[in-house]
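Novice: got a predicted model here, sequence first, then my questions.
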Amino acid sequence: MENLVIEGTAKTPTVEFDASEGKIVLKGRSIPENSIEFYRPMQDWLKEYSIAPAVKTVVDIRLEYFNTSSSKCILDFFKSLESIKSAGNSDVTVNWYFETDDEDMQEAGEDYEAIVGLPFTIIEVDEI
């Protein structure tokens, strides 16, 4: 399976999905013009990954900001990961990073954790 790598821009996050390592990284800002179009390749990749995922899948979310339309796409992203975990094919864990004093991003991670059935580790860092 091919890895998915998308270079980040001022409006879109860097995407690094490595199937063989079971490593998924989203970092930067997520304010694309069309969130559904931007996140579609990630959803397609997860659908293919779900067929034969790594034994352990680690998801690192290092977003400094995301807009409302991205929040729905991120929720769908987590729901796809939840399906992979519930199928019993992979142990999925999420590391949600937020900058010190960024209570909004901390709460966003806590909110996602409350909605989806995935274990989150909420990690405070000096800089994303």
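Specialist: Perfect, I can see it now.
Novice: pretty sure residue 19 sits against residue 5.
Specialist: No. In this structure residue 19 lies outside contact range of residue 5 using CB atoms under 8 Å: 11.6 Å. (Glycine included, C-beta is placed from N, CA and C.)
Novice: more crowded one of those two?
Specialist: Taking other CB atoms under 10 Å, residue 19 and residue 5 do not tie; residue 19 has more neighbours (18 against 11).
Novice: in the lengthiest strand in the chain, which residues are buried?
Specialist: Of all segments of type strand in the chain, defined using DSSP state E, the longest is strand 56-66. For strand 56-66, a neighbour-count test (16 or more other CB atoms under 10 Å) marks 57-64, 66 as buried.
Novice: just put those in TSV and tack on pLDDT and distance to residue 25.
Specialist: Shown next, in TSV, are these (pLDDT from 0 to 100; distance: CB to CB, whole Å):
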residue	pLDDT	distance to residue 25
57	98	12
58	98	9
59	98	8
60	98	5
61	98	8
62	98	7
63	98	11
64	96	14
66	98	15
